[in-house]
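[1] Kindly return the folded structure for what I paste below:
(one chain, ligands or ions: 2)
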Amino acid sequence: MIIDRAEVIVTSPSRNFVTLRLTTDDGLVGIGDATLNGRELAVVAYLKDHVVPLLLGRDAHRIEDTWQFLYRSAYWRRGPVTMAAIAAVDMALWDIKGKAAGMPVYQMLGGASRTGLLAYGHASGTSNEELFDSVRSHQEQGFKAIRVQTGVPGLKSIYGIASNATYEPGSGKKGRYDYEPAVRGALPKEEDWDTRSYLRHVPTVFEAVRNEFGPELPLLHDGHHRMTPIQAAQLGKSLEPYDLFWLEDCTPAENPESLRLVRQHTTTPLAIGEIFNTVWDYQQIIREQLIDYVRGAVTHMGGISHLKKTLDYAAQYQIKSGMHGPTDISPVGMAAAMHLGLSIHNFGIQEYMKHSDRTNEVFQQSFTWTDGMLHPGDLPGLGVELDVDAAGKYPYEQAYLPFNRLADGTVHDW
Ligand code: CS2
Ligand code: MG
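    Ligands and ions are numbered 1, 2, ... in the order given. Modelled structure (predicted):
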């Protein structure tokens, strides 16, 4: 089973996606997600110029050997561009192997360890009333766990809050921020930030949400790298009465040891790693049990093969998965996450934001969403097909993620 065709397909049905499509000499087709939000074309060039020529003629069955070959032969290791490119190859090869075996990928990873995957959705609002509406609407959609993001008095615009964004480009409607948080064809949007106001306000919002929705509902929150370690410790401590499922990215994790300080002060569970690329980024924080959930995405962590190794390592330390799953992970990357999550023992929770109708027109999917649980379905391979004609209707458009400035103009983590 020889790889004899490799194509890189870029499409923008509501937002930009990069997909690698491999075809074997016996006609099997596998696809992998290589989307790196805001830096998509760097991965396209890496794949087209440096990976595709190396794949042609290789045995499609040799997933591990191909992974090691792409990782080690380049000499230059790690990094988001390299690891997204390798991830796409890995996913496409698992897809092909599943189709060759007539089995869904989760069966080849050891079979199902559970009946479905608990998933959390994103509720947000600039006021408590808006936020409560958003939580209710997620409950109506079946979500049994909910991430809560809130506006902060005095701040005009915060990433991750629905009312700051339009629903579909050009529609003028307010709604979900996730279809296209970036402004197309423009420079990155500037937002404002003040950590002291945020730290004062967030606990009052969680108190109000607990009063409204009771103690049972699992609640999550994303700090999006905006705090220093001592501020993160303060937030974790002040949120303890509201029993969070996790506090995510409380501080940038470039200095893993700074999480020791956060841990000394709070029992709020911590989730980190949506921007990590390899097991080595996680090594210290897993070994020292400085986190509770691994946030890596299959798409950004070198594919199913490498994220599985990372999660198996985490399992030795009672650390669970919490794979990244916003809408910039394509339906192919989401399917890969579901197959992996279903098979591993230490699954924790899956992030899930529904893709737009346009995205679903381009990517036909087999996953199911039942009573707050995801399941990847039982089609052979990953269970996602890319409609190339539909993809061609939505050409790439430059789009950047926003950034923050403090009141005095200093650039801040967003
Ligand atoms: C967020 C993402 O889902 C999350 O937890 O942090 O929206 C993230 O900002 C984007 O995926 C960036 O591409
Ligand atoms: Mg996040």
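
[2] For the rest of this, base every contact and every neighbour count on C-alpha atoms.
    Will do.

[3] Assign a three-state SS to G111, would you?
    Look at G111: counting by DSSP: H, G, I helix; E, B strand; the rest coil, its state is coil.

[4] can you check the one 10 residues further on too?
    Under the three-state scheme (three-state DSSP), the conformation of G121 reads as strand.

[5] So it versus ligand 1, what's the distance?
    Using CA to the nearest ligand atom, to the nearest Å, one gets 9 Å for the distance from G121 to ligand 1.

[6] Which strand residues bridge that residue?
    I146 (DSSP bridges).

[7] Can you pull the residues of the stretch 151-300 of the chain lying near ligand 1?
    Those residues of the stretch 151-300 of the chain that sit near ligand 1, judged by CA under 6 Å from any ligand atom, are H224.

[8] Pass me the low-pLDDT residue ranges in the stretch 151-300 of the chain, would you?
    163-185 (pLDDT under 70).

[9] Run through the strands of it in chain order.
    Under the criterion DSSP state E, counting those that start in this stretch, strands of the stretch 151-300 of the chain are mapped to 183-184, 190-192, 219-222, 246-248, 270-272, 293-294.

[10] Give me the pLDDT value at the residue positioned nearest the centre of the chain.
    Centroid-nearest residue in the chain: H324, 2.5 Å away (criterion: CA atoms, centre = their mean). pLDDT recorded at H324 is 98.

[11] pretty sure it is touching I272, no?
    No - H324 is beyond contact range of I272, at 9.8 Å (criterion: CA atoms under 8 Å).

[12] hey, what's in contact with both of those two?
    Common contact partners of H324 and I272 (CA atoms under 8 Å, 6 or more residues apart in numbering): R295, G296.

[13] near ligand 1 at all, the longest helix seen in the chain?
    If you go by DSSP state H, the chain has its longest helix at helix 80-101. No - judged by CA under 6 Å from any ligand atom, helix 80-101 stays clear of ligand 1, getting no closer than 11.8 Å.

[14] So which other helices or strands are in contact with that helix?
    Applying 3 or more CA pairs under 8 Å, 6 or more residues apart in numbering; DSSP states H and E, one finds that helix 80-101 makes contact with strand 17-24, strand 29-33, helix 40-45, helix 63-73, helix 105-108, helix 303-315.

[15] Tell me if the second one is near ligand 1.
    No - where contact is defined by CA under 6 Å from any ligand atom, no part of strand 29-33 touches ligand 1; the two come within 13.8 Å at best.

[16] State the distance from G325 to D4.
    Look at G325 and D4: by CA to CA, to the nearest Å, they are 31 Å apart.

[17] can you pull the contacts of E7?
    L20, R21, L22, K48, V52.

[18] Those into CSV, with extra columns for distance to A112?
    Formatted as CSV, the contacts of E7 follow (distance: CA to CA, whole Å):
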residue, distance to A112
L20, 27
R21, 27
L22, 27
K48, 35
V52, 33
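
[19] before we move on, the earlier item: the residue nearest to the centre of the chain - nearest residue in space that isn't next to it in sequence?
    Of all residues not flanking H324 in the chain, A297 sits nearest, at 4.9 Å (CA to CA, 6 or more residues apart in numbering).

[20] One more: P218?
    In space, P218 is closest to A145, 4.8 Å off (CA to CA, 6+ apart).

[21] what's the burial count for that neighbour?
    24 (other CA atoms under 10 Å).

[22] Let me see the contact set for it.
    With CA under 8 Å, 6+ apart, A145 has these contacts: L118, A119, Y120, G121, L217, P218, L219, L220.

[23] thought the fifth one was touching F143?
    Read it as L217. No - using CA under 8 Å, L217 makes no contact with F143, being 9.7 Å away.

[24] Please give the number of neighbouring residues around R72.
    Neighbour tally, R72, other CA under 10 Å: 12.
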